[in-house]
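Enquirer: What follows is a predicted structure for the sequence shown.
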Amino acid sequence: MQTTAPNLNCLPALFCLSGSPFQVMCMIEAINSFGITDYKVLLCLSHSELPRRKQVEELLNKNGIPFEIESIDFKITKNERLRALLPNKNRYKLAFIGDCNNELLIFKAFRYISDGGTLVYIDDGIATIQFFNGLCQLNNKLSVYYSFISKIRSISFDKYFFTIYHDLSDNKHICIQNKFKYLSTNNTDRNSTGNIIILGTCTDDFCNMERIKVSEFLSAQKKLMAEVKNQYPEESIIFVPHGRDIYTETKQNCEELGITYMPTSICVETYLLECQFTPVAIYGYTSSALFNLNLLLPQSEIVNITFTGNTPMNNRIDLTSEYYERHGIRREIRQLYV
């Protein structure tokens, strides 16, 4: 088995993304890390997630990256699967896949990439942590199918991962470290340190995974905001809602507590990188943004809020929180029903 990463520098590349702003950030890093100038970007976006789509498109436009929209309703027929077995001399020698268990992205990569090419996964937030713990992977039937194509067309597949979680490992994949060097060095000059940031979450998704009633979560979040405000009486508190959150109670709670409610049309990492200040502290709920900001804004204290007293659907939060703690992200465990 190969134990070193391949040379990816300057190769014509295809990027297949599922519409996560984090995937776009990782793509921007890959373009700059490997000096890629010839590339094609395919976005498989859902029309139902308009806020996320706006964030992704604005991030791409801001960085001057052209892209094409691919329908997520594309049907992979039997004939399409057979065509993927045929020789392909396309110019793309490299393909980055932004969601390692999304078959549509993987199939598109195989249809575009040249024989003898290399496929590389890129991060999709904390799903990467789950991936390296044996979760979020293709099912066995699909793995056999794509391994068969790889053998016939001499394509390197399911071997390499361009990731910020480089110290995670398994016996199968080679991690290529993403240091967010480009985004860090192209940071806006800052003239002050101040403000506390609280990052919201997609309440419905979070409560469903953690098996928490929405009313209980909103109450706990209001309590957190009040405690943070009391802890930092000299600082302004800014609440940045998640783009897909729908609950107006959060804005009302902010107004009641004297906290600035600051929705943004761009992803929170870009928003904070473009601010003229370095936050004193950033609070959130085990989102991938916390780990990203820990890399991008090392002067800020990052605090991960988790709950006990509930019966979560799986151990996703604990796995991620333990990894975050190893990287200096402080965890605050709160009793939900106090």
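Expert: Great, that's in hand.
Enquirer: Might one say that Tyr285 is in contact with Leu199?
Expert: Yes. Using CB atoms under 8 Å, Tyr285 is in contact with Leu199, at 7.4 Å. The C-beta positions use only the backbone N, C-alpha and C, and glycine is treated the same way.
Enquirer: So between the two, which is more surrounded?
Expert: For the pair Tyr285 and Leu199, the greater number of neighbours falls to Tyr285 (23 against 20), based on other CB atoms under 10 Å.
Enquirer: Now for that one: which residues touch it?
Expert: Residues near Tyr285 by CB atoms under 8 Å, 6 or more residues apart in numbering: Leu199, Thr201, Phe206, Asn304, Ile305, Thr306.
Enquirer: Take the residues you listed and keep only those in helices.
Expert: Judged by DSSP state H, the subset of those located in helices is Phe206.
Enquirer: quick one: which of the contacts of Tyr285 is nearest Gly328?
Expert: Using CB to CB, the shortest approach to Gly328 within the contacts of Tyr285 belongs to Asn304, at 10.8 Å.
Enquirer: The residue lying closest to the closest one once chain neighbours are set aside sits in which helix or strand?
Expert: Spatial nearest neighbour of Asn304, chain neighbours left out: Arg331 (4.9 Å); criterion: CB to CB, 6 or more residues apart in numbering. Element membership for Arg331 (DSSP states H and E) is strand 330-335.
Enquirer: contacts for that strand?
Expert: The contact list for strand 330-335 (CB under 8 Å, 6+ apart) reads 220, 224, 301-309, 321, 324-325.
Enquirer: Give the pairing partners of that strand; include direction for each.
Expert: Strand pairing for strand 330-335, using DSSP bridges, gives strand 301-308 (parallel).
Enquirer: Show the subsequent helix or strand relative to the strand it pairs with.
Expert: Going down the chain from strand 301-308, the next helix or strand is helix 316-326, by DSSP H and E.
Enquirer: buried stuff in that following helix?
Expert: By neighbour count on 16 or more other CB atoms under 10 Å, the buried set for helix 316-326 is Arg316, Ile317, Leu319, Thr320, Ser321, Tyr323, Tyr324.
Enquirer: Can you give the contact residues for that helix?
Expert: Contacts for helix 316-326 (CB under 8 Å, 6+ apart): 126, 129-130, 133, 165, 168, 209-210, 286, 290-291, 294, 302, 304, 306, 331.
Enquirer: quick one, domains of this protein?
Expert: Listed domain ranges for the chain are 13-184, 192-335 (source: automatic domain parsing).
Enquirer: Now mean pLDDT too, for the ones you listed, in JSON lines please.
Expert: JSON lines is the format used below for the domains of the chain (pLDDT from 0 to 100):
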{"stretch": "domain 13-184", "mean pLDDT": "91"}
{"stretch": "domain 192-335", "mean pLDDT": "94"}
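Enquirer: Would you tell me which of these gets closest to Pro6?
Expert: The minimum distance between Pro6 and these falls on domain 13-184, with 5.6 Å, by CB to CB.
Enquirer: and the closest one, how far from the chain's centre?
Expert: 13 Å (CA atoms, centre = their mean, to the nearest Å).
Enquirer: Tell me the span between the first and last residue of that domain.
Expert: 23 Å (CA to CA, to the nearest Å).
Enquirer: if we can go back for a sec, now compare the contacts of strand 330-335 and name the two farthest from each other.
Expert: Pairwise distances across these (CB to CB) peak at 25.4 Å, for the pair Glu301 and Gly309.
Enquirer: that older thread, any chance of the contacts of strand 330-335 in a markdown table, plus distance to Lys172?
Expert: Listed next are the contacts of strand 330-335 as a markdown table, based on distance: CB to CB, whole Å:
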| residue | distance to Lys172 |
| --- | --- |
| Ala220 | 39 |
| Leu224 | 39 |
| Glu301 | 35 |
| Ile302 | 30 |
| Val303 | 34 |
| Asn304 | 28 |
| Ile305 | 33 |
| Thr306 | 30 |
| Phe307 | 33 |
| Thr308 | 34 |
| Gly309 | 37 |
| Ser321 | 25 |
| Tyr324 | 24 |
| Glu325 | 26 |
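Enquirer: List the contacts of Pro12.
Expert: For Pro12, the contact set (CB under 8 Å, 6+ apart) comprises Ile36, Asp38, Tyr39, Arg91, Tyr92, Lys93, Leu94.
Enquirer: For the residue nearest to it when sequence neighbours are not counted, give me the backbone phi and psi.
Expert: In this structure, Pro12 finds its nearest non-sequential neighbour in Asp38, 4.1 Å apart by CB to CB, 6+ apart. The phi/psi pair for Asp38 (degrees, to the nearest 10) reads phi -110, psi 110.
Enquirer: Count the neighbours of Asp38 for me.
Expert: 12.
Enquirer: Wait, it touches Arg91, no?
Expert: Yes. Using CB under 8 Å, Asp38 makes contact with Arg91 at a distance of 7.4 Å.
Enquirer: those helices in this protein, which residues are they?
Expert: 21-33, 50-62, 78-83, 103-112, 127-131, 140-153, 181-185, 203-210, 214-231, 249-257, 268-274, 288-296, 316-326.
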